[in-house]
Structures are given as structure tokens and as C-alpha cells.
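> For reference, the sequence and a predicted model appear below.
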Amino acid sequence: MGSEPELKLPIIDFSSVDLESNVAEWESVKSQVHIALEEYGCFEAVFDKVPLDLRKAMFLEVEELFNLPLLTKQRVVSSRPYHGYVGPLQLYESMGIEDVDFHDQVESLINILWPQGKPSFSKNLQYFTEQVTRLDKMIRKMILESLGVEKYLDEHMNSTNYLARLIKYEGPQTNEAKVGIAEHTDKNIFTTLCQNQVDGLEVQTKRGEWIKCKPSTPNSFVVVTGDTLYAWTNGRVHTPVHRVMVSGNEARFTIGLFTVPKPGFIIKAPEELVTEDHPLLFKPFVQSEFMKFVRSSEAIKNALKVYCGV
Ligand SMILES: O=C(O)CCC(=O)C(=O)O
Ligand SMILES: [Fe+2]
């Protein structure tokens, strides 16, 4: 009797593809993205445009940030859910930076946290954001093309902002796995996650098994789709339930780049994706309003369906 093979996320190599790539390279990666998002809503992206020494430097700075006094971190506030400082909640704390692709936003965060300045943090985060937003844009272009709705590309690209979330999960000091983030689906469009050497992300398959994510290269990112992409594509991509389980003494750090619709922008599935076989799943909605509903209604399952399901 052989044991079951370990479940793994699909791995897609973006090292030789770019927005200006030739047709053959582009099409090959695009079809892998399409298959992975339909089946798992998630994949590991190998993307070598963020140098490893920069990753290392960023994780040291993120650690430094979370080592600041709680009162200093708590001065970073936002009226929007998951923006600004959150925590500490058991093992979890996070720092959300909205519009991270705008230099002023990062500078105003630094002014609060390090009034004497922190040029390396600003420079590294800016470079990281430039590269990872490029990856995000490639993936979004690929998915719109593979669904045959590339005519909406400009509108779609212009309708989003980037939120960065720096996350720390304290090591629970035991070998027993403890919840770092409870199971959830992301509520945005796409999330791109970059982690330090401490694993813990688990993604549920459509059949309910848990895949323990162990990035296969130091250049790997994990890309996850959110409920808003599920709604906009009228269910053509899967949105996976995922969670973080941590054990041991070492802290896990994650740098996540969240593609979020601009406040007030109406999410409505293109008419091409609403057919007899695929009837409309959700009424048009504004994601920023949906987030207020999520915040006010505890952790309900299928929040989007409850909020605006047809
Ligand atoms: O830390 C991670 O890898 C996952 C974070 C996550 O799922 C989230 O912030 O929504
Ligand atoms: Fe998540």
C-alpha cells in the first residue's frame, strides 16, 4: 500500500515572461494560469525580478517594524478595514499600507514609525512593489485574455489600487500547529504573497483537502484569487479557502500585495460571461461597501453570496 502523494499547488515559472513577451512564451504561461485559477484559484509563481538580498533586507526591516513599541504601531490608523495597524490578536499582527505604489503613502507611514527617516525601507518597498505589481498585471492580463474579455482590460486595470500588508505570526513556542489566520477567502481581486523561511499557509482544494504550501524556490510567491475576481468573472475562477497554521519558535513574516477595487467602483460581470450555462451569480456591488458588511457581520461563510447573491 503506497501512501497518497503529497498535494501541491501548481508551480508556474514567470522568469522568462514579461508584458512585452513574444506570443509563444506568453500563451504557454497564460494557459497554465488559466488552468490553475479554474481548479485551485491559487498557484506558486516563480518570479526572479525581486533579488534575494532585497527580500532578505525587507524581512529584517519588517521584523524591526513589528518590534517597535505597540503605541507607535497603533498610531498608524485607517477607517478602512485591514488598512493601518491591526493587532496583536493572539499570534497575529499586521500593518496595511494603502496605495503602496505611491511614494507619499510610504513616506507618511515612515514619518509615523521612524520620524528620523528610514530610506532603505522606503527604497526596498518601492522596488518590491514595482516588480510585484508587474507580476500582478501580467496575471490579470492573462486571465482576461483567456476568458475572452480583454476588451475590458484598461477599465479593469484602472479600477484598482494596491494595498500592501506586512504580517507577523508569532511562533507559538510549541510543535502543535496553532491558528495564525483562521480559514477565509480573500475579499479583493488578487493577492500575491511573499513569505520568509517559515511555512504555514494552507490552501483548501475544491474537494476539501488542505494543501500545505512549501514554496519550492527562494524566488517563489503564492498568488491567490479573491471573491471580487470570482464575482467579476461570474464564477469562472475558483476562490480558495485558506488559512495560516504556525508552530515552533520562529516568527513567520508575510508581505502581501492586495489588488483592491477603488472605493466606489461598481463590480459587475461583463455581459460576455453571463450566459445560459453561466447565469449571473451576483448583483453589481461596490467592494468597499461589501467590506463594511464583512466587518459588521462577524466571520460569516459565503459573505459575498449573502451580501449580493442573485
Ligand atoms: O500569511 C499568509 O501567507 C496568508 C495571509 C492571508 O491569507 C491574508 O492576509 O489574507
Ligand atoms: Fe488570505
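Yep, that arrived. Numbers count the residues shown, from 1 in each chain. Ligands and ions are numbered 1, 2, ... in the order given.

> Which positions in the protein make contact with ligand 1?
165, 167, 181, 186, 193, 195, 201, 242, 244, 254, 256 (Cβ under 6 Å from any ligand atom). Quick note: C-beta positions are derived from backbone N, CA and C, even for glycine.

> 8 Å instead?
82, 94, 165, 167, 169, 180-181, 184, 186, 191, 193, 195, 200-201, 213, 222, 224, 242-244, 252, 254, 256, 258 (Cβ under 8 Å from any ligand atom).

> List the ones among the residues you listed that fall in strands.
94, 165, 167, 169, 180-181, 184, 191, 193, 195, 201, 222, 224, 242-244, 252, 254, 256, 258 (DSSP state E).

> Report the rounded mean pLDDT for stretch 28-38.
Stretch 28-38 carries an average pLDDT of 97.

> Can you give me the distance of the closest residue to ligand 1 within the stretch 101-250 of the chain to residue 167?
Closest contact between the stretch 101-250 of the chain and ligand 1, by Cβ to the nearest ligand atom, is at residue 201 (3.9 Å). Plainly put, residue 201 is 11 Å away from residue 167 if you go by Cβ to Cβ, to the nearest Å.

> got any residues that touch both of those two?
Overlap of the contact sets of residue 201 and residue 167 (by Cβ atoms under 8 Å, 6 or more residues apart in numbering) consists of residue 254.

> if I pick residue 211, what's in contact with it?
Here residue 211 is in contact with 7, 8, 9, 40, 202, 203, 204, 205 (criterion: Cβ under 8 Å, 6+ apart).

> Show me the helices in the stretch 201-310 of the chain, by range?
Remark: helices assigned in the stretch 201-310 of the chain by DSSP state H, counting those that start in this stretch are 227-232, 287-296, 303-308.

> Need the winner for burial among those helices.
helix 227-232 (a mean of 25; mean count of other Cβ atoms under 10 Å).

> Tell me which two of the contacts of residue 211 sit farthest apart.
Within those, 8 and 204 form the most distant pair, 13.9 Å apart (Cβ to Cβ).

> Could you check which of these two has the larger neighbour count?
residue 204 (18 against 12; other Cβ atoms under 10 Å).

> Surely the more buried one and residue 183 touch.
Yes: using Cβ atoms under 8 Å, residue 204 is in contact with residue 183, at 7.1 Å.

> anything in contact with each of the two?
241, 242.

> so where does residue 48 fall, helix or strand?
According to DSSP states H and E, residue 48 maps onto no helix or strand at all.

> List the neighbours of stretch 277-293 that are in contact with it.
Contacts to stretch 277-293, defined as Cβ under 8 Å, 6+ apart, come from residues 80-82, 187-188, 228, 231, 234-236, 260-261, 263-269, 274, 303-305, 307-310.

> Buried among the residues you listed? Make that a PyMOL selection.
To isolate in PyMOL the members of the contacts of stretch 277-293 that are buried, counting by 16 or more other Cβ atoms under 10 Å, one can use:
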select buried, resi 82+187+188+228+231+234+235+236+260+261+265+267+269+303+304+307+308
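
> ok so, going back, so which of the contacts of residue 211 belong to strands?
Going by DSSP E, the strands hold 202, 203, 204 from the contacts of residue 211.

> So what touches stretch 107-127?
With Cβ under 8 Å, 6+ apart, stretch 107-127 has contacts from 50, 54, 57-58, 61, 65, 68, 72-73, 75-76, 95, 97, 100, 103, 106, 164.

> filter the residues you listed to the buried ones?
50, 57, 58, 61, 65, 73, 76, 95, 97, 100, 106, 164.

> If we ignore the residues flanking it in sequence, what's nearest the closest residue to ligand 1 within the stretch 151-300 of the chain?
The minimum distance from the stretch 151-300 of the chain to ligand 1, using Cβ to the nearest ligand atom, falls at residue 254 (3.4 Å). Once flanking residues are discounted, residue 254 sits nearest to residue 167: 4.3 Å by Cβ to Cβ, 6 or more residues apart in numbering.

> correct me, but that neighbour touches residue 91?
No: Residue 167 is not in contact with residue 91 according to Cβ under 8 Å; the separation is 10.5 Å.
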